[in-house]
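>>> Just the structure for this:
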Amino acid sequence: MIQQFDYPVRVICDEGAIVGESPVWSQREQVLYWVDILKPALYRFDPLSGQQRSWPAPAAIGSISLAKNGKIVAALRSGFHWFDPADASWTLIAHPEPHISHNRLNDGKTGPDGAFWAGTMDDRADKQACASLYRLAPDGSVSAHGNGLVVSNGLAWSPDGRTMYHSDSRRAVIYRYDFDVASGTLGRAKYSCRCKRNGAAPTAAQSTSTAAIGVAALPPDASTNFHRKANCWVICHCR
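Numbering: from 1, shown residues only. This next block holds a predicted model:
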């Protein structure tokens, strides 16, 4: 059964972002990190004090994740980087697509295997299927896991870590993969759903402890929620 909730929404910091993305909560610091892709900049918001700090990024920044060493791994146009808040330094880890100048890294998230997963997107107005999904391992090595994407987006995992969800926003498709936590490998891609309503395009995704998958969708008047019940997928569009 799908329930619709009318939660209040309020502005916590009016930054005037161009494209705000990749909110990541730091349990250790009790602060929220997020990015403005096109500014480009990385932000740190403290909800207790209301203070926000920002650092300019050297290139368009698609997503971030927090590491145990206190640094932040970031997916930039120019590749995967470490950012160290202690001295505001950016250090290149690896660039998965130095030969494709019109692509940039986009949405990314740390998986249950401990690796940072992020995909690329064609940043041209006339977008083509030239993007891929990558896995940045803890040792700094990068491996490709699927290509022929247009705009890689919306990564999430099931509560048990055995299923990964991944979307291609331009194709308005959400894929489902069997996921091996021990090796960080994917099974063959399966269609989870295709968004067809009002031209909605799946973007960010987040799983919950109840095996629900919330997917933000564009245009902003549409969102899509998925809840798995046995082998049946129930899709609910809500405004």
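>>> Now that residue 44 has come up, it's in contact with residue 66, right?
No: using Cβ atoms under 8 Å, residue 44 makes no contact with residue 66, being 11.0 Å away. (C-beta placed from N, C-alpha, C; glycine too.)
>>> joint contacts of the two?
Common contact partners of residue 44 and residue 66 (Cβ atoms under 8 Å, 6 or more residues apart in numbering): residue 33.
>>> neighbouring contacts of stretch 175-185?
Applying Cβ under 8 Å, 6+ apart, the set of residues contacting stretch 175-185 is 111-115, 135, 137, 145, 157, 161-168, 186-192.
>>> Report the mean per-residue pLDDT for that stretch.
For stretch 175-185, the mean per-residue pLDDT is 95.
>>> tell me which residues in it are buried?
Neighbour counts over stretch 175-185 (16 or more other Cβ atoms under 10 Å) mark 175, 176, 177, 179, 184 as buried.
>>> Check stretch 8-21 too.
Judged by neighbour count using 16+ other Cβ under 10 Å, the buried positions of stretch 8-21 are 13, 15, 17, 20, 21.
>>> Run through the residues that contact residue 35.
20, 21, 22, 41, 42, 43, 57, 61, 62, 63, 64, 74.
>>> just to revisit the earlier point, can you name the two of the buried residues of stretch 8-21 that sit furthest apart?
13 and 21 (14.6 Å; Cβ to Cβ).
>>> could you flag which of the contacts of residue 35 are buried?
The buried subset of those (16+ other Cβ under 10 Å) comprises 20, 21, 22, 41, 42, 43, 57, 61, 62, 63, 64, 74.
>>> picking that back up, narrow the buried residues of stretch 175-185 to those in strands?
Among the buried residues of stretch 175-185, the residues falling in strands (DSSP state E) are 175, 176, 177, 179.
>>> just to revisit the earlier point, looking at the buried ones among the contacts of residue 35, spot the one nearest residue 131.
Distances from residue 131 to the buried ones among the contacts of residue 35, taken by Cβ to Cβ, are shortest for residue 62, at 11.5 Å.
>>> Other residues contacting the strand or helix carrying that closest one?
Using DSSP states H and E, residue 62 sits in strand 61-66. Strand 61-66 is contacted from outside by 21-22, 24, 26, 33-37, 40-42, 72-77, 83, 104-110, 116, 118, 121, using Cβ under 8 Å, 6+ apart.
>>> Now do residue 137 against residue 80, distance only.
Per Cβ to Cβ, to the nearest Å, residue 137 is found 11 Å from residue 80.
>>> cool, and residue 179?
Here the criterion is Cβ to Cβ. By it, residue 179 lies 20 Å from residue 80.
>>> Same question for residue 49.
31 Å.
>>> Specify which residue of these two has the higher count of neighbours.
With neighbours defined as other Cβ atoms under 10 Å, residue 49 and residue 80 compare such that residue 80 has more, 22 against 8.
>>> can I assume that one sits in a strand?
Yes: assignment of residue 80 by DSSP: H, G, I helix; E, B strand; the rest coil places it within a strand.
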